[in-house]
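Colleague: after the sequence you'll find the predicted model.
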Amino acid sequence: MTWAGRVWMVWVLSVVILWGMAKGEGEYVKYKDPKQGVGERVQDLLGRMSLEEKIGQMVQIDRIAATADIMKDYMIGSLLSGGGSAPRPQATAADWVNMVNDFQKGSLSTRLGIPMIYGIDAVHGHNNVYNATIFPHNIGLGATRDPELLRRIGDATAVEVRATGIPYTFAPCIAVCRDPRWGRCYESYSEDPKVVEEMTDIILGLQGEIPNGSRKGVPYVAGKNKVAACAKHFVGDGGTTKGINEYNTVTNMHGLLSIHMPAYYDSIIKGVSTIMVSYSSWNGNKMHANHDLITGFLKGKLKFKGFVISDWQGIDRITSPAHSNYTYSVLTSVQAGIDMIMVPYNHTEFINDLTYLVKNNFITMDRIDDAVARILLIKFNLGLFENPLADLSLVNEVGSQAHRDLAREAVRKSLVLLKNGKNTNESLLPLPKKASKILVAGSHADNLGYQCGGWTIGWQGFSGNNGTQGTTILGAINSTVDKGTKVTYLENPDSEYVKSNHFDYAIVVVGEHPYTETAGDSETLTMADSGPNVIKNVCGAVKCVVIIISGRPIVIEPYLSAIDALVAAWLPGSEGQGVADALFGDYGFTGKLSRTWFKTVDQLPMNVGDSHYDPLFPFGFGLTTKSMVARSVSAGVDRRPYGAMAMIFLFIGLCFQGKLSA
């Protein structure tokens, strides 16, 4: 080959190599290297991204509005399932995995291959998913006063969420509900900020415990069986005037910091990955537009390193009426410090407005880079770059027996015994399993949807026994009593029927129907019809225990004198057997009120420590009973040594006598 030919070949090879490098073939890419530190990977990826790619990362849309092509074309950073947003009715875990993976493939086909993060409201178990374990709502868990139980619930929930291919849950709600008229009060662990702080241990179950020697306060997720958690709703959502949802919390800075903020300190120390902003206002200022609290306090003073997410169409509500000046809403929310915006159905409007605001210098690139770096940090923490697609290895964990047993334990520990006998010498509980015949009555005794409450399968919950799998309280009673005991169930019996049938005792199960958010706001806090009538007809004719299924204290004082025993069961979820465990003495009652039980609604708001505190049942109240099993076992243990010794002496005596005879 001539000299000119060699030069030509070298030139051609050089062009090919450079072309290959330009396409990224053979090039070392730091953000794709799991051996690099997360911080270095974030900065490397951030430096490669265009404005369009960065803004895409800040967008979260509902799966209903998404396709794989939309994920690719708009480089969408996140998807969610809102309440009831499922692949299909009664979708299996495998259906969920396949759906999430299909969307993820769209994200992975983008220029930089940045995986999306899928989020869901798994707020009392994986509650959107058919056959998942449904744990008691937070108000009941607060009554357990058991942070270790909360860790185990977090762990079980994380596994079931991951089993469906989802790495992110919008939980826990760490609101401090100060007025039970609020429709989200059952999402709060307590009126007492100290109890709410203790319950943030659920984050350690959801995400995993930060290893010894690692820095506290840095977002952390332990592995493929854990999920990113979300503390919500920042801040003061449980303190609104008259308990009106999304309304105004009126308090000074001391009140905000001492009542509503402490659980956020704890959540950040425990490594929570994300924080969701509240719809509500503080002293008239919308939280979604509050720069001082989001950027100044949360990111500044508290050094929160994860990402801040809006609530569902939360930025729209900055203006009144909502969405009336959307460009302004985008500007103020992003400037306030919100990093990911939940725009479930209208991503193009948000993307266009934010792009315009950045290109015209209303929002700086530094603010965009801060938001995107925080989002990428959590994605790297979750291992999404190494394992973006879920597999089917965990699908059998959804609704597993171990998780149902845990939920059953949580139910019995959450029950609060408010009354046991019309006087101290006439305890009704525990109930005898062996009886001639017993009556079970009330609309909530055989209704799985009612006992699970809102945020179950559908956004507002469901009625009946076909929404998901579980055990109703009636089913639990039938499986617990002696085989010879006849159980009669009537939803609304009349008093003559009760009197004429000579029942040994009755169990009445009544309460509230399911609700969520504003639909649950109530000025009267009365139980659903025909609850009062059932109590009157049944408890006026036979000894009765009344079980209240509700998301908060409700009006009960007018009926209390007719009731022999009263149990607050809250919203126990799918495992009604936990109620029967305590009713019949297999386990004792141990729960303590996480909320003050008022006499009349005219007293509200009324919380422990208030000058006008005059409750029907005070915060922390709860009668206890001993387990019948424990008592029989302990009695046996007391007798066993003496019996054994007697047998030994008898045996020795007989042997000795035999020797003498020989």
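Modeller: Looks like it came in fine. No experiment lies behind these values; they were computed from the predicted model shown. Residues are numbered from 1 along each chain as shown.
Colleague: which is the next helix or strand following the helix or strand encompassing A94?
Modeller: Under the assignment given by DSSP states H and E, the secondary-structure element containing A94 is helix 93-108. Note on helix 93-108: by DSSP H and E, the next helix or strand toward the C-terminus is strand 117-120.
Colleague: tell me the pLDDT at T424?
Modeller: Per-residue confidence at T424 stands at 76 (pLDDT).
Colleague: tell me if it really is in a strand.
Modeller: No. With DSSP: H, G, I helix; E, B strand; the rest coil as the criterion, T424 is coil rather than part of a strand.
Colleague: mind checking the SS state of V546?
Modeller: Reducing the assignment at V546 to three states with three-state DSSP gives strand.
Colleague: and the helices in the stretch 151-300 of the chain?
Modeller: 193-199, 202-207, 253-255, 262-269, 291 (DSSP state H, counting those that start in this stretch).
Colleague: any idea which of the ones you listed gets closest to C539?
Modeller: Across the helices of the stretch 151-300 of the chain, C539 has its closest neighbour in helix 193-199 (31.8 Å, Cβ to Cβ). Glycine gets a C-beta too; all of them are placed from N, C-alpha and C.
Colleague: now the closest one, how far from the centre of its chain.
Modeller: 15 Å (Cα atoms, centre = their mean, to the nearest Å).
Colleague: helices or strands next to it in the packing?
Modeller: In this structure, helix 193-199 packs against helix 138-144, helix 147-163, helix 262-269, with contacts taken as 3 or more Cβ pairs under 8 Å, 6 or more residues apart in numbering; DSSP states H and E.
Colleague: can I get the ones you listed in TSV with mean neighbour count?
Modeller: Putting the helices and strands packed on helix 193-199 into TSV (neighbours: other Cβ atoms under 10 Å) gives the following:
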stretch	mean neighbour count
helix 138-144	28
helix 147-163	23
helix 262-269	21
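Colleague: I'd like these as JSON lines, with distance to K305 appended.
Modeller: Supplementary listing: the helices and strands packed on helix 193-199 in JSON lines, determined by distance: least, Cβ to Cβ, whole Å:
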{"stretch": "helix 138-144", "distance to K305": "26"}
{"stretch": "helix 147-163", "distance to K305": "21"}
{"stretch": "helix 262-269", "distance to K305": "8"}
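Colleague: hang on, the earlier thing: can I get the helices of the stretch 151-300 of the chain in CSV including distance to N465?
Modeller: As requested, the helices of the stretch 151-300 of the chain are arranged in CSV below (distance: least, Cβ to Cβ, whole Å):
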stretch, distance to N465
helix 193-199, 30
helix 202-207, 28
helix 253-255, 44
helix 262-269, 35
helix 291, 49
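Colleague: nearest to E575, out of those helices?
Modeller: Taking Cβ to Cβ, helix 202-207 is the member of the helices of the stretch 151-300 of the chain nearest to E575, at 17.7 Å.
Colleague: which residues of this protein score low on pLDDT?
Modeller: Counting by pLDDT under 70, the chain shows low-confidence ranges at 1-26, 629-662.
Colleague: kindly recompute the last result at 80.
Modeller: Per-residue confidence of the chain (counting by pLDDT under 80) places the weak regions at 1-26, 424, 629-662.
Colleague: so for I457, which of the helices and strands packed on helix 193-199 sits nearest?
Modeller: Once those are compared by Cβ to Cβ, helix 147-163 is nearest, at 14.3 Å.
Colleague: only C-alpha atoms, please: export stretch 320-335 in PDB.
Modeller: As requested, the backbone C-alpha atoms of stretch 320-335 are provided in PDB (Å, rounded to 0.1, in the frame of the first residue of the first chain):
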ATOM      1  CA  SER A 320     -58.900  30.700  43.200                       C
ATOM      2  CA  PRO A 321     -60.600  29.400  41.200                       C
ATOM      3  CA  ALA A 322     -58.200  26.600  40.600                       C
ATOM      4  CA  HIS A 323     -56.200  26.700  37.400                       C
ATOM      5  CA  SER A 324     -57.300  30.300  36.700                       C
ATOM      6  CA  ASN A 325     -53.700  31.500  36.200                       C
ATOM      7  CA  TYR A 326     -51.700  28.400  35.500                       C
ATOM      8  CA  THR A 327     -48.400  30.000  34.500                       C
ATOM      9  CA  TYR A 328     -48.400  31.900  37.800                       C
ATOM     10  CA  SER A 329     -49.100  28.600  39.600                       C
ATOM     11  CA  VAL A 330     -46.100  26.900  37.800                       C
ATOM     12  CA  LEU A 331     -43.900  29.900  38.600                       C
ATOM     13  CA  THR A 332     -44.700  30.200  42.300                       C
ATOM     14  CA  SER A 333     -44.700  26.400  43.100                       C
ATOM     15  CA  VAL A 334     -41.300  25.800  41.400                       C
ATOM     16  CA  GLN A 335     -39.800  28.900  42.900                       C
END
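Colleague: just to revisit the earlier point, looking at the helices of the stretch 151-300 of the chain, which is nearest to T144?
Modeller: Across these (criterion: Cβ to Cβ), the nearest stretch is helix 193-199, sitting at 8.9 Å.
Colleague: tell me which residues in the closest one are buried?
Modeller: Using 16 or more other Cβ atoms under 10 Å as the burial criterion, the residues of helix 193-199 that qualify are 193, 195-199.
Colleague: relative to S414, which of those residues is nearest.
Modeller: The shortest gap between S414 and any of these belongs to M199, at 11.9 Å (Cβ to Cβ).
Colleague: what residues are up against the nearest residue to the closest one once chain neighbours are set aside?
Modeller: Spatial nearest neighbour of M199, chain neighbours left out: Y189 (4.3 Å); criterion: Cβ to Cβ, 6 or more residues apart in numbering. Taking Cβ atoms under 8 Å, 6 or more residues apart in numbering as the criterion, Y189 is in contact with 138-139, 141-142, 174, 195-196, 199, 594.
Colleague: and stretch 477-486, which residues are buried?
Modeller: 477-478, 480-481, 485.
Colleague: still on that earlier bit, including distance to R215, could the contacts of Y189 go into TSV?
Modeller: Formatted as TSV, the entries for these read as follows, by distance: Cβ to Cβ, whole Å:
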residue	distance to R215
N138	29
I139	33
L141	29
G142	29
I174	22
V195	27
V196	24
M199	23
S594	32
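Colleague: in three-state terms, label R367 for me.
Modeller: The assignment at R367 comes out as helix when based on three-state DSSP.
Colleague: mind starting the numbering at 476 from now?
Modeller: Okay, residue one is now 476; in that scheme the one you just asked about reads as R842.
Colleague: touching, it and Q810? I think so.
Modeller: Yes. Using Cβ atoms under 8 Å, R842 is in contact with Q810, at 6.9 Å.
Colleague: neighbours of Q876, just the number please.
Modeller: The criterion is other Cβ atoms under 10 Å. On that basis, Q876 has 8 neighbouring residues.
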